[in-house]
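[1] Return atomic coordinates for the entry below.
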Amino acid sequence: MAEGDGFLYNNFKEQLLLKQFDLSADTIKVMLVAAHTPNIDTHTAKADVVADEESGTGYTAGGAALASKTVTQDNTNDRAAFDAADTTWTGLNVGSPSHAIMYDDTHASDLLIAYWILSTASNGGDYTLQWHANGIILLT
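    Below you'll find the predicted structure:
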C-alpha cells in the first residue's frame, strides 16, 4: 500500500547518539494508532501514544515485531541503512489507522523511533506496511 511521509522522533535521534538503541538486536515493533496527533518533540515512549492504539480483528496489542532486521553500510551512496521485512497483519479489520508508530520494545521505556502517516483503511484482508526499497531509516 502507498503510505505517507515518515518522521523520526527527536528523542530517538538523541538516544541513538547516546547508544540507547541496537536496531539489529533489540525487538523493534510497529503499532497502529487512530485519530492520533504525533508530536516529535514531546512524545518519547510508547506510553505517550498507546491510548490511541488500534484494536480489533487481526491486531495484537503492542503491534507487530519487525522481522529480518539489518543494519548496513553503503559506501557507494555514503550512507547507512536500517531495514526489515515488510510488516503484514493477516485479516486486519480495525477501521482506518492514522499512523504506524515504531518503537523499541526491548528498552525499559519502550522508546519511540519513528512514525508514518497512513492513508489506507483496513477491510479484513491482509494489511501490509511496505518499507522503502532503500531501507526504513537512512543516515546520510
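[2] which residues touch the closest residue to D5 other than its chain neighbours?
    Take D5 and drop its neighbours on the chain: the residue closest to it by Cβ to Cβ, 6 or more residues apart in numbering is I117, 5.7 Å away. Where you see a C-beta, it was placed from the backbone N, CA and C, and this is true even at glycine. Neighbouring residues of I117 by Cβ atoms under 8 Å, 6 or more residues apart in numbering: E3, G4, D5, G6, S98, H99.
[3] now those in a markdown table, with neighbour count and distance to M31?
    Output for these, formatted as a markdown table (neighbours: other Cβ atoms under 10 Å; distance: Cβ to Cβ, whole Å):
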| residue | neighbour count | distance to M31 |
| --- | --- | --- |
| E3 | 16 | 15 |
| G4 | 13 | 17 |
| D5 | 7 | 18 |
| G6 | 16 | 14 |
| S98 | 19 | 12 |
| H99 | 23 | 9 |
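[4] Can you show me the strands along the protein?
    Secondary structure of the chain (DSSP state E): strands at 6-8, 28-33, 64-65, 70-74, 79-83, 87-89, 99-104, 112-117, 127-129, 137-139.
[5] Relative to the first one, what are the paired strands and their orientations?
    If I follow you right, that is strand 6-8. strand 112-117 (antiparallel) (DSSP bridges).
[6] List the contacts of the closest residue to V50 other than its chain neighbours.
    Of all residues not flanking V50 in the chain, M31 sits nearest, at 7.9 Å (Cβ to Cβ, 6+ apart). Neighbouring residues of M31 by Cβ under 8 Å, 6+ apart: K46, V49, V50, E53, E54, G62, G63, A64, A100, I101, Y103.
[7] cool, and A35?
    By Cβ under 8 Å, 6+ apart, A35 lies in contact with D52, S98.
[8] relative to its centroid, which residue of the chain is most remote?
    For the chain, the largest distance from the centre (Cα atoms, centre = their mean) belongs to T76, which lies 26.7 Å off.
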